[in-house]
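Enquirer: need a structure here:
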Amino acid sequence: MHILNPDKRPLPWRQYCSGETPTLYSLQDPSRPHHVTDSTWVSASHDRATWSNPPTNSIWPINSFAPSAPQLALLPLNSSHAAWPYPSDTAPSLSAARDIPPVGILVAVFSTDRAVERRHMIRQSYARHWRSRRPGTEGVKVQFVLGRPRKGYEKALELEMEAFGDIILLDMPENMNSGKTHGFFSWAAANATVHPGKRPDYVVKADDDSFIMLSELEHRLRLAPRQKSIWGYLVKDSFMAGEAYALSFDLVQYVAASPALRTMVHGKEDKLVARWLRMHPQREEIVWVAERCWIYDHPKAGTVYSHGFLYPSTVEAIRRERAAGNGDLAGLGVSLADAYSTVSRFGSTFSKYASWYRAPAPGLSVRERVEALVENSPMSMVHRPDLWNPAEKSVRRRIAAAWSARSSREEKYLGDEEERGGTVVVHYIKRQEWFVETMVALLGGSDEQDEAKEAERSGAQARTRVQGGEATGGAGGVGLSKGTVDL
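Expert: All right, here's what the predicted structure looks like:
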């Protein structure tokens with residue numbers, strides 16, 4: 001929950017988006033310089049950077065651990081550090097992912113017995129929509145993780161499990177911060193698959209108030225190290241935020257196998273995971289991939305993590321503005337300019353729901369309301385007469401002009417037919433209406449459903465050919481498990 005997160009001031013999200021690649025971190029002793037050596041780790045790290053043959057044999061016992069070392073801090077990595085995972089001095093751009101084979105990912109959405117409506121919305125949206133399920137996501141499986149249901153929900157949940165087959169039911173009371181995350185990783189280490197007999201490369205823990213573009217997630221994880229890596233939104237250079245973070249499968253095995261960690265399962269789960277990794281026997285070799293641009297809160301959330309929906313064209317424009325001295329925002333000063341949003345207003349790290357958002361004009365249509373949630377869109381600024389031609393005095397005229405001036409979907413994705421390089425996760429979607437807004441913004445509206453169905457059919461046929469006659473299925477992929485797991 002954001003009320004418990006340490007970020008309490010406006011965040012420089014525009015600065016975060018100025019870089020073309022995520023920032024890499026590792027645990028380092030601030031008082032000690034690091035240099036590349038001829039260690040086994042350096043060789044392994046540079047081998048795995050080709051991504052084609054990542055190492056499979058661990059060189060450390062997965063049930064071992066090291067005492068916590070408070071002097072170690074998460075600091076940015078550079079190519080002179082032994083943990084640098086790439087063969088070149090710079091991290092690869094997202095376009096390099098096109099030349100790397102797809103990766104297998106288990107996306108575990110933490111849910112509760114009463115959240116059936118949200119599960120259905122996820123099944124009907126990002127878990128199966130063709131814009132989220134582009135080629136390369138055949139090995140991405142979405143499942144829901146629940147503890148034991150309360151008596152009033154048992155029969156309904158049994159029916160849901162029978163109907164969809166995408167629920168992992170842990171044999172423990174439902175909880176958020178009392179062992180559920182450790183219980184799930186223990187289950188995943190023993191049981192997780194993305195195809196029959198194939199383990200995932202990464203396991204993602206996600207909240208059900210997150211909206212995940214699976215194709216974007218998969219594309220970014222292709223570029224992450226296959227071992228000893230964690231990907232997500234890094235909070236205060238301390239831990240990956242719990243809305244969606246990915247662990248390489250070897251780290252999942254470490255969490256499950258280490259006896260010491262079984263006594264450390266109570267507390268804020270995202271902070272606990274960081275503590276667990278600090279006890280890893282090779283903790284200084286773990287690469288933390290911090291994606292701070294393309295993970296953010298819903299535009300109406302009112303948190304310091306909130307701003308308008310982002311597309312590649314938006315971020316490209318922001319980079320140009322910052323390179324030119326922030327243009328019209330220069331008068332705000334660097335810190336406020338980097339935190340500025342044309343859509344969202346922030347007040348604290350907890351949401352008052354819609355109290356921090358106000359539509360730019362009354363009487364907007366559904367499409368206009370969603371477009372007004374897009375960062376830098378003319379529709380998000382119709383309430384500012386200073387930005388418009390003096391002839392456009394009436395709000396209705398400004399709305400019409402803004403709608404005409406909006407970017408097409410093709411323009412938002414810079415002409416890329418595959419629509420790569422956009423938003424990965426939108427979080428803090430606390431209302432069903434907000435979820436639908438995110439669906440429309442990222443996946444498109446109802447007029448595109450015929451195109452979506454045709455693309456789904458084509459994708460299913462392609463998956464069948466790839467797998468030799470066994471299709472993955474929509475919401476959950478292949479081999480979805482159900483039933484209770486003893487922990």
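Enquirer: care to break this structure down by domain?
Expert: With domains defined by the TED database, the chain comprises 94-293, 297-443.
Enquirer: Output those in a markdown table; the columns should cover mean neighbour count and distance to residue 15.
Expert: (Each C-beta comes from the backbone N, C-alpha and C, glycine too.) What follows is the domains of the chain, written out as a markdown table (neighbours: other C-beta atoms under 10 Å; distance: least, C-beta to C-beta, whole Å):
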| stretch | mean neighbour count | distance to residue 15 |
| --- | --- | --- |
| domain 94-293 | 20 | 9 |
| domain 297-443 | 18 | 4 |
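Enquirer: Including mean pLDDT, could those go into CSV?
Expert: CSV is the format used below for the domains of the chain (pLDDT from 0 to 100):
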stretch, mean pLDDT
domain 94-293, 97
domain 297-443, 89
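Enquirer: okay if I get those as a markdown table plus distance to residue 18?
Expert: Shown next, in a markdown table, are these (distance: least, C-beta to C-beta, whole Å):
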| stretch | distance to residue 18 |
| --- | --- |
| domain 94-293 | 8 |
| domain 297-443 | 5 |
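Enquirer: Out of the ones you listed, which is closest to residue 80?
Expert: domain 94-293 (14.5 Å; C-beta to C-beta).
Enquirer: next one: that closest one to chain centre, how far?
Expert: 10 Å (C-alpha atoms, centre = their mean, to the nearest Å).
Enquirer: measure it end to end?
Expert: In domain 94-293, first residue to last residue: 13 Å (C-alpha to C-alpha, to the nearest Å).
Enquirer: Enumerate every residue touching the spatially most central residue of the chain.
Expert: Centroid check for the chain by C-alpha atoms, centre = their mean gives residue 425 as the closest residue, at 4.0 Å. Residue 425 is in contact with 206, 210, 211, 212, 213, 217, 233, 243, 244, 294, 295, 296, counting by C-beta atoms under 8 Å, 6 or more residues apart in numbering.
Enquirer: What are the boundaries of the helices in the stretch 101-250 of the chain?
Expert: 116-124, 154-164, 180-191, 214-222, 249-257 (DSSP state H, counting those that start in this stretch).
Enquirer: just so I know, which of those lies nearest residue 137?
Expert: Using C-beta to C-beta, the nearest of these to residue 137 is helix 214-222, at 5.0 Å.
Enquirer: Can you list the helices and strands that that closest one packs against?
Expert: strand 105-110, strand 140-148, strand 244-248 (3 or more C-beta pairs under 8 Å, 6 or more residues apart in numbering; DSSP states H and E).
Enquirer: Given the shortest one, what are its sheet partners and their directions?
Expert: Spelled out, that is strand 244-248. strand 202-207 (antiparallel), strand 229-232 (antiparallel) (DSSP bridges).
Enquirer: Take those strands and lay them out in a markdown table including distance to residue 302.
Expert: As requested, these are exported to a markdown table (distance: least, C-beta to C-beta, whole Å):
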| stretch | distance to residue 302 |
| --- | --- |
| strand 202-207 | 18 |
| strand 229-232 | 22 |
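Enquirer: what's the closest of the ones you listed to residue 167?
Expert: strand 202-207 (14.5 Å).
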